[in-house]
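how would this look folded up:
(chains A, B, C and D)
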Protein chains: 2
Amino acid sequence: MCGMTAEAAIGRRERKKQATRESLIEAAFGLFTDKGFEATTVEEIADAVDVSSRTFFRYFASKEDVVLTFQEEQQVMFLELFRARPAEEPVVTALKRAAIEVARACEEGVAGFDSQRFTCLQQLMETSPAVMASSLQHQQQKQQLVAEAVAERMGVDPATDLRPHVVSAFANCGIRVASDCWQQGRLNGFGTFSEAIEQAFSLLEEGVNYPAAVTR
Amino acid sequence: MCGMTAEAAIGRRERKKQATRESLIEAAFGLFTDKGFEATTVEEIADAVDVSSRTFFRYFASKEDVVLTFQEEQQVMFLELFRARPAEEPVVTALKRAAIEVARACEEGVAGFDSQRFTCLQQLMETSPAVMASSLQHQQQKQQLVAEAVAERMGVDPATDLRPHVVSAFANCGIRVASDCWQQGRLNGFGTFSEAIEQAFSLLEEGVNYPAAVTR
DNA sequence: CGACACATGTCACAACATGACACTTTAAGC
DNA sequence: GCTTAAAGTGTCATGTTGTGACATGTGTCG
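Below you'll find the predicted structure:
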């Protein structure tokens, strides 16, 4: 540990790769913010970083893929936090706490979590159907991992028990709904994203099978 | 009502349009089933019906759009059935019953609901990410309508209350999870799609905030 | 230094999607 | 019935996404 950072430990080639990758993301987010998602072409992004379009597709499978980078990081963090929750906590409560922590990180912009990009991603999803679609799909795909973690915590077999899948799907939904409603300025009074998440998951904790006449 | 069907009441032009549209769907599903979604080109579909590719895009906004036709119908039926549920039923219960009815219709192939196409759609979603993505997006989009119906039933304002949105999102999830797990042959013993739906929604009715040790 | 692996550029190409314009069929008015 | 407007379709051109093949440089390691 002679003061070498992890960055310096790896070779120049790897460093360059990371650099162009990061540059591409940076350029992409910039252009998307300025001109919108569909209006900016892959060629423009590549040109901005001075690489060929072909190279862009060696880093990202599609134009959508660039913006999902961020979501991927969120997902990883979420899963880690969830696994770290104390075992005594009921499942949904643990999921809620984990989700809130991620939301906070996004808001405050902790360690690599750029809050500006977070906002940008939210807006892109609203304005661009393509981004929305791939975001949903990505989340859906990652949901499988959450289901496994949930099953482990519950001590049941995810291959035969429906419950962990249902729970993880609902967690997904909670986050999505909170995000949507927060974006649209719903939630009378509540401002932050994490508060929206809190609210959505609390409903799930309490149960949602409301009778026809709702008074509370 | 001199024996004229609704079909004959409209003009020849409209009839032809419906015919080509239906033919396109038919041809598309056939080719998708045979060769898979990505492997069949729009041109092939168009050729099969003897129209130009350009015409295809006058009927459907995209290749994905063809397969979503069916999902759209399901959605419409679901909303109708939900609205028709007795007011005394708790919300989630009503959603469950409606979902089960739709599932039954798909299985049995009632009135325009071809059970073969239903199966095909399910498989396409599993095998083709593009289909999955657009399906998710379509469902997400239609969820707004369900939220409004839920809000109406609950007697609350969807613009300021988070609950109807959460509930409709969860309903969506329930259907999705049931579909996925049913496809993958999970659900020890339970065979039909409607039974899977039943199971998923029942969990939601009962509440899902399970403690760490699950015994039941 | 020299051999090798890897990243990138260039070229070619297929498929999706859309705009513009011309042509035919259908519907509607007199 | 004839005319005229509207709607559907075909053809052509074009832009963008995404991928395969091959050549060329640049980094890595012995």
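
Beyond the worst-scoring helix or strand of chain A on mean pLDDT, next helix or strand please.
Comparing helices and strands within chain A by mean pLDDT, DSSP states H and E singles out helix A:6-9 as the least confident, with a mean of 49. Downstream of helix A:6-9, the first helix or strand assigned by DSSP states H and E is helix A:12-35.

helices or strands up against that following helix?
helix A:42-49, helix A:53-59, helix A:63-84, helix A:115-127 (3 or more C-beta pairs under 8 Å, 6 or more residues apart in numbering or on different chains; DSSP states H and E). In this view, the C-beta of every residue, glycine as well, is placed from N, C-alpha and C.

quick one: is the first one near DNA strand D?
In this case it means helix A:42-49. Yes. Contact of helix A:42-49 with DNA strand D (C-beta under 7 Å from any atom of the strand) involves A:42-43.

same check, this time on the third one
Yes. Applying C-beta under 7 Å from any atom of the strand, one finds that helix A:63-84 is in contact with DNA strand D at A:63-64.

buried ones in that helix?
A:63-71, A:73-75, A:77-79, A:81-82 (16 or more other C-beta atoms under 10 Å in any protein chain shown).

just the residues you listed that are near DNA strand C?
Okay, of the buried residues of helix A:63-84, nothing touches DNA strand C (C-beta under 7 Å from any atom of the strand).

what sits up against stretch A:18-27?
Under the criterion C-beta atoms under 8 Å, 6 or more residues apart in numbering or on different chains, residues A:7, A:45-46, A:48-49, A:51, A:55-56, A:59-60, A:66, A:69 lie in contact with stretch A:18-27.

Who wins on neighbours among those residues?
A:Ile45 (25 neighbours; other C-beta atoms under 10 Å in any protein chain shown).

which bits of chain A sit near DNA strand C?
Checking chain A against DNA strand C by C-beta under 7 Å from any atom of the strand, the hits are A:13-14, A:16-17, A:20, A:50-55, A:58-59.

what's the average pLDDT for stretch A:90-108?
On average, the pLDDT along stretch A:90-108 is 93.

what residues does it touch?
A:74, A:77-78, A:81-82, A:85-86, A:89, A:111, A:113, A:115, A:118, A:146, A:150, A:153-154, A:167-168, A:170-171, A:174-175, A:178, A:192-194, A:196-198, A:201-202, A:204-205, B:208-212.

could you say what helices and strands the longest helix along chain A packs with?
Looking across chain A with DSSP state H, the single longest helix is helix A:129-154. Contacts defined by 3+ C-beta pairs under 8 Å, 6+ apart place helix A:129-154 against helix A:63-84, helix A:91-108, helix A:115-127, helix A:163-183, helix B:129-154.

The first one close to chain B?
What that stands for is helix A:63-84. No. For helix A:63-84, no contact with chain B is found by C-beta under 8 Å from any C-beta of the partner chain; the gap never falls below 8.9 Å.

Go ahead and name everything in contact with that helix.
Here helix A:63-84 has contacts from A:24-25, A:28-29, A:32, A:37, A:42, A:45, A:60, A:94-95, A:97-99, A:101-102, A:105-106, A:112-113, A:117-118, A:121, A:124, A:130-131, A:133-135, A:138-139, A:142, A:145-146, A:149, using C-beta under 8 Å, 6+ apart.

can you list the weak-confidence ranges in chain A?
A:1-9, A:112, A:186-190, A:212-216 (pLDDT under 70).

For it, what lies in contact range of DNA strand D?
Near DNA strand D, when you scan chain A using C-beta under 7 Å from any atom of the strand, you find A:11-14, A:16, A:40-43, A:53-54, A:57, A:61-64.

could you flag which of those residues are buried?
The buried subset of the residues of chain A next to DNA strand D - by 16+ other C-beta under 10 Å - is A:40, A:42, A:63-64.

ok, these vs A:Asp161, which is closest?
A:Glu64 (33.1 Å; C-beta to C-beta).

Can you tell me how far the closest one is from DNA strand C?
13 Å (C-beta to the nearest atom of the strand, to the nearest Å).

Find the centremost residue of chain A, please.
A:Gln71 (3.1 Å; C-alpha atoms, centre = their mean).
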